[in-house]
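# For reference, the sequence and a predicted model appear below.
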Amino acid sequence: MGVSLFSQSTSDRTKGHSLKLCQGRVRLDIKKNTFVERVVKPWNGLLRLAVEPPSLEVFKKRLDMTRSAMG
């Protein structure tokens, strides 16, 4: 019965990495600034190299490198 915050894209036509998240439609202005709404677009914009690493340590390093390159 739990509600999932994120849902993974089921499309096979995703560009970039295969772990894209779906963003639901927002009906209220108050929901536009929630954690989920702020995270989905940046996550989907990450490179496959950063999102699909072999370990957590490598993920952290690649995420830091990606974030510093984005400004």
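Looks like it arrived, so ask away.
# Extract the C-alpha trace of the helix or strand in which residue 62 is found and format it as CSV.
Assigned by DSSP states H and E, residue 62 belongs to helix 56-70. The C-alpha atoms that make up helix 56-70 are tabulated as CSV, following Å, rounded to 0.1, in the frame of the first residue of the first chain:
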residue,chain,number,x,y,z
LEU,A,56,29.1,3.2,-4.2
GLU,A,57,32.6,4.8,-3.8
VAL,A,58,32.9,5.1,-7.6
PHE,A,59,29.4,6.5,-7.8
LYS,A,60,30.2,9.2,-5.2
LYS,A,61,33.4,10.2,-7.0
ARG,A,62,31.8,10.4,-10.4
LEU,A,63,28.8,12.3,-9.0
ASP,A,64,31.2,14.8,-7.5
MET,A,65,33.1,15.2,-10.8
THR,A,66,29.9,15.6,-12.7
ARG,A,67,28.5,18.2,-10.3
SER,A,68,31.7,20.2,-10.3
ALA,A,69,31.7,20.2,-14.1
MET,A,70,28.2,21.5,-14.2
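# can you tell me the average pLDDT over that helix?
The average pLDDT for helix 56-70 rounds to 87.
# What distance do you get for residue 57 to residue 64?
Look at residue 57 and residue 64: by CB to CB, to the nearest Å, they are 11 Å apart. Heads up, the C-betas are built off the backbone N, CA and C, glycines and all.
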